[in-house]
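Chemist: okay, here's the prediction I keep looking at, along with the sequence it came from:
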Amino acid sequence: VKTADAPADQARADLHARSTGALAAALTGRQSAELDSPEELARASQAAWERAEREPDAPVASWTLYRLRPAEVEFFQGEARRRHVRLAYRRTAEEGWDRRLLWP
């Protein structure tokens, strides 16, 4: 997969096209850091929601928009009798996609 960061203005536009909740979560901005207590999260989340509602265009420096150019993608759909559907798509030289059905 080839990846590239999109320009900052596109990342901002992406964030602000999302829900207030997405902005609030981004403003909380401590993903994967250690959390001392559920109360700490509740306070930070409440403050972030209030700011997101007050400033719907609030900047979030850490928000990054990535552009992906995958060479192959697989989709998996579960089925109750375990006859899952697996589809694999592989990019072709003609800029199209080859589709294959796989065994579960």
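Modeler: Happy to help now that I have it.
Chemist: next one: residue 44 from residue 52, what distance?
Modeler: 12 Å (C-beta to C-beta, to the nearest Å). (C-beta placed from N, C-alpha, C; glycine too.)
Chemist: out of the two, which sits in the busier spot?
Modeler: Higher neighbour count among residue 44 and residue 52: residue 52, with 22 against 16, using other C-beta atoms under 10 Å.
Chemist: quick one: that one and residue 27, what's the gap?
Modeler: Separation of residue 52 from residue 27 (C-beta to C-beta): 6 Å.
Chemist: now swap in residue 104 and tell me
Modeler: Noted for residue 104: a distance of 41 Å to residue 27, by C-beta to C-beta.
Chemist: ok, the two, which is more surrounded?
Modeler: residue 27 (22 against 11).
Chemist: how about the more buried one, what does it touch?
Modeler: When contacts are counted by C-beta atoms under 8 Å, 6 or more residues apart in numbering, residue 27 touches 48, 51, 52, 58, 60.
Chemist: give me every residue that touches the last one.
Modeler: Yep, that's residue 60 we're talking about. By C-beta under 8 Å, 6+ apart, the contact list for residue 60 reads 15, 23, 26, 27, 29.
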